[in-house]
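Novice: Provided below are the primary sequence and the corresponding predicted coordinates.
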Amino acid sequence: MKNLIPIIICIILLAFISDTPKIQQFSLSIFAWSSYSTDLNLDGYNDIAVGHKTAWERTNQTVSFLYGNGNDFAPDTNYLNFCGYQDAIFAIKVNNDAYPDIICQHSDLSGNMAQRYIRVIYNQSGVFDLDSILDINLNTSEIVNYYTHGDINGDGWQDIVIASNNGYFWGVLFNDTQGSFLEPEYHFTDGYITMPGCGDINNDDKDEIFVPTTGKTLLFGYINGLVLFDTISTPFGIPFFCDFDNDFDNDIVCYDRQYPLGIVMHFYENINNDSLFYNQRRDIILNHYGNQVEIADLNNDNLPDLILD
Ligand SMILES: [Ca+2]
Ligand SMILES: [Ca+2]
Ligand SMILES: [Ca+2]
Ligand SMILES: [Ca+2]
């Protein structure tokens, strides 16, 4: 059920715009694991890319598509199949055409050691196929659980941030501005890593990287290279960047799971683009473990709302 939720959410969001709220549900192929909504074919209507879990030599769908027409979504009969667990599929512009390209994962288990890759599936004027891909070798056999994106070095191109929970490392694949990415240098931590987040906190047009690890969160920024800006030892977790106090700077809403409380939301207020203020009394305890939390402005009042499943 977890994996149908983002699909339903995307369609509720669109429905608010039309003033006729409705929920549409679609049956997806097996092991749907993540989704991302943007206008893939640049026809003015948002579409949805779905990432599935595909084990080695399995033939199930790995990346599938639903195309929107403003009123409805039509599941596309074309899909891509390759080995990879798509925990967090997304689309960003990788090369210099206007079309967003898909970022996902690929694993090659044909040898003695698993080879892990970030796979770029180039958008060919709204068409995706395996003849136009790029695999960036992650040079590890560890499972890379998390990947997200931000413009870390402020050159206008989105970079990819990856992290391995069990491998205790994270790294950045910088866009080389030529339609490809550089292989990552890894930074090792002394604890398990959960989902990193990227957002511009100090208003320098470069996204900082928050790396939550066991017991502390590392805050990295970019000054001629990645620099440790701060270590946060107060409760953190999976971060979202939004202006929750409506003062035109990015604040952080994050959450972790605390037994026996369930999901606990933490709020870090951005003070003058210089420091993050955390007040534990603002924590919200949801008494629910849930699968997934999302932040989005559901009712178009410029204030972020919380979606929980
Ligand atoms: Ca479209
Ligand atoms: Ca960049
Ligand atoms: Ca910044
Ligand atoms: Ca703010």
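Specialist: All right, it came through fine. Ligands and ions are numbered 1, 2, ... in the order given.

Novice: and the residue in the stretch 201-309 of the chain positioned nearest to ligand 1, what are its bridge partners?
Specialist: As assessed by Cβ to the ion, ligand 1 sits closest to Ala296 within the stretch 201-309 of the chain, at 19.3 Å. (C-beta placed from N, C-alpha, C; glycine too.) Ala296 has these beta-bridge partners by DSSP bridges: Asp305.

Novice: distance of it from His187?
Specialist: 30 Å (Cβ to Cβ, to the nearest Å).

Novice: Neighbour count: the two, which is higher?
Specialist: Neighbours were counted for Ala296 and for His187 using other Cβ atoms under 10 Å; His187 has more, 18 against 14.

Novice: Thought Leu276 was touching Tyr268, still the case?
Specialist: Yes. Assessed by Cβ atoms under 8 Å, Tyr268 is found in contact with Leu276 at 4.2 Å.

Novice: So if I had to pick from these two, which one is more boxed in?
Specialist: Neighbours per residue, other Cβ under 10 Å: of Tyr268 and Leu276, the larger number sits with Tyr268, 24 against 18.

Novice: On the three-state scheme, that one is what?
Specialist: Here Tyr268 is strand, with the state taken from DSSP: H, G, I helix; E, B strand; the rest coil.

Novice: Tell me the bridge partners for it.
Specialist: Ile252, Tyr278.

Novice: Val50 versus that one, what's the distance?
Specialist: Relative to Val50, and taking Cβ to Cβ, Tyr268 is found at 32 Å.

Novice: likewise Tyr192?
Specialist: 28 Å.

Novice: Neighbour count for the two, which is higher?
Specialist: Legend: neighbour count by other Cβ under 10 Å for Tyr192 and Val50, higher for Val50 (26 against 16).

Novice: What residues of the helix or strand the more buried one falls within count as buried?
Specialist: Taking DSSP states H and E as the definition, Val50 sits inside strand 47-54. Using 16 or more other Cβ atoms under 10 Å as the test for burial, strand 47-54 gives 47-54.

Novice: ranges for the helices of the stretch 1-150 of the chain?
Specialist: Taking DSSP state H, counting those that start in this stretch as the test, the helices found in the stretch 1-150 of the chain are 5-17.

Novice: Looking at it, what residue ends up closest to ligand 4?
Specialist: Closest residue of the stretch 1-150 of the chain to ligand 4, Cβ to the ion: Gly150 (17.9 Å).

Novice: For Asp176, see how far away that residue is.
Specialist: The gap separating Gly150 from Asp176 is 16 Å, by Cβ to Cβ.

Novice: The two - which one has more neighbours?
Specialist: Using other Cβ under 10 Å, the more surrounded residue of Gly150 and Asp176 is Gly150, with 21 against 13.

Novice: okay but that one is in contact with Asp205, surely?
Specialist: No. The criterion here is Cβ under 8 Å, and Gly150 misses it with Asp205 at 11.2 Å.

Novice: what's around Gly197, how many residues?
Specialist: When counting by other Cβ under 10 Å, one arrives at 24 neighbours for Gly197.

Novice: you'd agree it is up against Tyr147?
Specialist: No. Applying Cβ under 8 Å, one finds Gly197 not in contact with Tyr147, separated by 11.8 Å.

Novice: Identify the residue spatially nearest to Asn273, adjacent ones excluded.
Specialist: Distances taken as Cβ to Cβ, 6 or more residues apart in numbering place Asn203 nearest to Asn273, at 4.3 Å, with adjacent residues excluded.

Novice: how much space between the closest residue to Arg58 other than its chain neighbours and Ala32?
Specialist: Among residues not flanking Arg58 along the chain, Cys83 sits closest, at 7.4 Å (Cβ to Cβ, 6+ apart). Using Cβ to Cβ, we find Cys83 at a distance of 16 Å from Ala32.

Novice: same check, this time on Tyr147
Specialist: 18 Å.

Novice: ok, back up a step: the residue nearest to Asn273 should be in a helix, yeah?
Specialist: No. Counting by three-state DSSP, one finds Asn203 to be coil, located in no helix.

Novice: got a pLDDT number for it?
Specialist: Predicted confidence (pLDDT) for Asn203: 92.
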